[in-house]
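Asker: Sharing a sequence plus its predicted fold:
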Amino acid sequence: MHVLSGGAAAAVVQGVQAQFEQSTGSRIEGTFSAVGMMRDKLVGGAPCDVVILTKPLIEQLIASGHVVPGSARSLGLVKTGVAVRSGTPHPPVRTRAELHAAMSAAKGIYFPDPDKATAGIHFMSVLKALGLDESLRSQFRVFPNGATAMGEMAKSTESGLIGCTQVTEINYTEGVDLVAALPTEFELSTDYTLGICTRAQNPQHAQLLADLLSGSASEAVRRQGGFEF
């Protein structure tokens, strides 16, 4: 069972993996990264049974014939937040001025791909709105997805680090802390939605996995990670 998913939903897939594999005998092969990259892989012909992206991307894939109409299921809304390495001070980031000050003071700013990752695209627009996209460029630490960005920040021995990505990728990564969601004026809530691919090799198993991912079997892990529904 091949799953292509945005990184924000990685822990949700992993949370139901054992139950699915025991009940079906099928193994889940999951690939998790920026949603734009996952969309491109699917369209490019990569094997996929269930895809988890943003709601607009799933709707586009239904329209293009890559996802079965009527199969879309929301996993919940995920906000974009600010993170620091565990054990380091939490700067205030609740207002535009506080966020500006926190980013300006950072020696390293970790975030996902500003071209293909939902949070990375949004965060770059926030930096532009704050007038920091050029002046802080030497501090940028950009990675293919938010989970990798947070993992690398957790491993770094540098001081004065800060990051921004989906709150799920922060909450699921050991060694980093969620400081807060972005200020209200910069808030981004992303509806992560799954779809069953038209090329699914076993549609029945794909449907079972979709039920587990969007139903009560994964509700606790979704809430724990920061999904809202």
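Answerer: That came through, no problem.

Asker: Which residue ranges of this structure form strands?
Answerer: For the chain, the strands defined by DSSP state E occupy 2-6, 29-33, 50-54, 73-85, 108-112, 140-143, 161-166, 176-181, 189-196.

Asker: Take those and write them to JSON lines, including distance to Gly215, mean neighbour count and mean pLDDT.
Answerer: Yep, even glycine has a C-beta here, placed from its N, CA and C like the rest. JSON lines is the format used below for those (distance: least, CB to CB, whole Å; neighbours: other CB atoms under 10 Å; pLDDT from 0 to 100):
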{"stretch": "strand 2-6", "distance to Gly215": "16", "mean neighbour count": "25", "mean pLDDT": "97"}
{"stretch": "strand 29-33", "distance to Gly215": "18", "mean neighbour count": "18", "mean pLDDT": "96"}
{"stretch": "strand 50-54", "distance to Gly215": "14", "mean neighbour count": "26", "mean pLDDT": "98"}
{"stretch": "strand 73-85", "distance to Gly215": "9", "mean neighbour count": "22", "mean pLDDT": "98"}
{"stretch": "strand 108-112", "distance to Gly215": "28", "mean neighbour count": "26", "mean pLDDT": "98"}
{"stretch": "strand 140-143", "distance to Gly215": "32", "mean neighbour count": "17", "mean pLDDT": "98"}
{"stretch": "strand 161-166", "distance to Gly215": "21", "mean neighbour count": "29", "mean pLDDT": "97"}
{"stretch": "strand 176-181", "distance to Gly215": "26", "mean neighbour count": "19", "mean pLDDT": "98"}
{"stretch": "strand 189-196", "distance to Gly215": "11", "mean neighbour count": "22", "mean pLDDT": "97"}
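
Asker: Distance to Val126 for the ones you listed - can I get that in TSV?
Answerer: Formatted as TSV, the strands of the chain follow (distance: least, CB to CB, whole Å):
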stretch	distance to Val126
strand 2-6	19
strand 29-33	21
strand 50-54	18
strand 73-85	9
strand 108-112	10
strand 140-143	13
strand 161-166	8
strand 176-181	12
strand 189-196	14
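
Asker: From Val67, how far out is Ile52?
Answerer: 11 Å (CB to CB, to the nearest Å).

Asker: Actually, Phe143.
Answerer: 27 Å.

Asker: hey, what's in contact with both of Ile52 and Val67?
Answerer: Gly195 (CB atoms under 8 Å, 6 or more residues apart in numbering).

Asker: So what's the residue count around Gly151?
Answerer: As a burial measure, Gly151 scores 18 neighbours (other CB atoms under 10 Å).

Asker: quick one: it and Tyr172 touch, right?
Answerer: No - assessed by CB atoms under 8 Å, Gly151 is found out of contact with Tyr172, at 10.1 Å.

Asker: quick one: contacts of the lengthiest helix in the chain?
Answerer: The helix spanning the most residues in the chain, taking DSSP state H as the definition, is helix 10-24. If you take CB under 8 Å, 6+ apart as the criterion, helix 10-24 is touched by 1, 3, 5, 26-28, 30, 32, 52, 75, 147, 168-169, 172, 205, 208-209, 212-213, 217-218, 221-222, 225, 227.

Asker: from those, which would you call buried?
Answerer: 1, 3, 5, 26, 28, 30, 32, 52, 75, 147, 168-169, 172, 205, 208-209, 212-213, 218, 221-222, 225, 227 (16 or more other CB atoms under 10 Å).

Asker: what's the pLDDT at the residue of the chain positioned farthest from its centre?
Answerer: Most distant from the centre of the chain: Gly25, at 27.9 Å, with distances by CA atoms, centre = their mean. In this prediction, Gly25 carries a pLDDT score of 96.
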